[in-house]
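K.L.:
This is the structure alone, sequence omitted:
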């Protein structure tokens, strides 16, 4: 497909975080579930392997985003601002989405919204960020509190365990919905997977359906870039007449 028919949606660093988090999250879910379903532990050689894999996956789960925060600070701040910016238009979109989800053939258009993310992405994305912080902090506390030689009551560990489990369950539920939409099982969103698992691009036609205002902004930027490229690389100077042949 011609590159002109595409928009560049996600940068490499975003795709790296997404992929590493997906892999580490799957590993964490599997090893975490093995404590409730022992046959899962048997499949990978027992609980010693379960603990080792769980902790390695947890390190990846925490370190990769932290590395990006330090190396891509301005972009991460912009990402968080985009994710948490909410307007009345976002509320209107969310109220209509359940109807669109089940009867998208009958819905010609959704309410307008601003920004790179649609309101559903903003809501679930914000929840994911918060829950990832919660699950990471409770896991770290569970490991390191006993090593600090502090008096910690069993009730504290019980609270940490419950918070850890609850956040895991909520992340799992959000992940199921994320896969359903992002993988293109939901027909109107087919083609989105390319933005995170391949080169970061999306077809213009798809972009206009999912993020119409963002797509219009990208179209304008693309046109300006094309104009600049013609001026800089095409040998055309301001004021010159270009004749079509």
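P.N.:
Here it is on my side, so go on. Predicted model, so just to flag it, every value in this text is computed and none were measured.
K.L.:
what about the helices in the chain?
P.N.:
12-33, 38-43, 47-71, 73-84, 88-102, 119-144, 154-182, 194-197, 204-210, 212-233 (DSSP state H).
K.L.:
Let me have those helices in TSV, extended by mean pLDDT and distance to residue 110.
P.N.:
Placement of C-beta: from N, CA and C, glycine included. Below are those laid out as TSV (pLDDT from 0 to 100; distance: least, Cβ to Cβ, whole Å):
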stretch	mean pLDDT	distance to residue 110
helix 12-33	93	24
helix 38-43	92	41
helix 47-71	93	30
helix 73-84	93	18
helix 88-102	93	6
helix 119-144	92	9
helix 154-182	91	14
helix 194-197	88	19
helix 204-210	89	9
helix 212-233	79	8
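K.L.:
any chance of those in JSON lines, with distance to residue 111 and mean neighbour count too?
P.N.:
Putting the helices of the chain into JSON lines (distance: least, Cβ to Cβ, whole Å; neighbours: other Cβ atoms under 10 Å) gives the following:
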{"stretch": "helix 12-33", "distance to residue 111": "26", "mean neighbour count": "16"}
{"stretch": "helix 38-43", "distance to residue 111": "44", "mean neighbour count": "13"}
{"stretch": "helix 47-71", "distance to residue 111": "32", "mean neighbour count": "15"}
{"stretch": "helix 73-84", "distance to residue 111": "18", "mean neighbour count": "13"}
{"stretch": "helix 88-102", "distance to residue 111": "4", "mean neighbour count": "14"}
{"stretch": "helix 119-144", "distance to residue 111": "9", "mean neighbour count": "17"}
{"stretch": "helix 154-182", "distance to residue 111": "18", "mean neighbour count": "14"}
{"stretch": "helix 194-197", "distance to residue 111": "23", "mean neighbour count": "18"}
{"stretch": "helix 204-210", "distance to residue 111": "13", "mean neighbour count": "17"}
{"stretch": "helix 212-233", "distance to residue 111": "10", "mean neighbour count": "13"}
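K.L.:
Redo these as TSV? Include distance to residue 112.
P.N.:
Converted to TSV, the helices of the chain look like this (distance: least, Cβ to Cβ, whole Å):
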stretch	distance to residue 112
helix 12-33	24
helix 38-43	46
helix 47-71	31
helix 73-84	16
helix 88-102	6
helix 119-144	11
helix 154-182	20
helix 194-197	21
helix 204-210	12
helix 212-233	6
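K.L.:
These: which one's closest to residue 188?
P.N.:
The minimum distance between residue 188 and the helices of the chain falls on helix 204-210, with 6.5 Å, by Cβ to Cβ.
K.L.:
Relative to residue 113, which of the helices of the chain is closest?
P.N.:
Nearest of the helices of the chain to residue 113, taken as Cβ to Cβ: helix 88-102 at 4.9 Å.
K.L.:
now the closest one: how far from the chain's centre is it?
P.N.:
When distances are taken as Cα atoms, centre = their mean, to the nearest Å, helix 88-102 is centred 20 Å away from the chain's centroid.
K.L.:
contacts for it?
P.N.:
Residues outside helix 88-102 that contact it (Cβ atoms under 8 Å, 6 or more residues apart in numbering) are 107, 110-114, 118-120, 122-123, 186.
K.L.:
Now flag whichever of those is closest to residue 224.
P.N.:
For the contacts of helix 88-102, the minimum distance to residue 224 (Cβ to Cβ) is 19.8 Å, reached by residue 114.
K.L.:
Fine, thanks again, bye for now.
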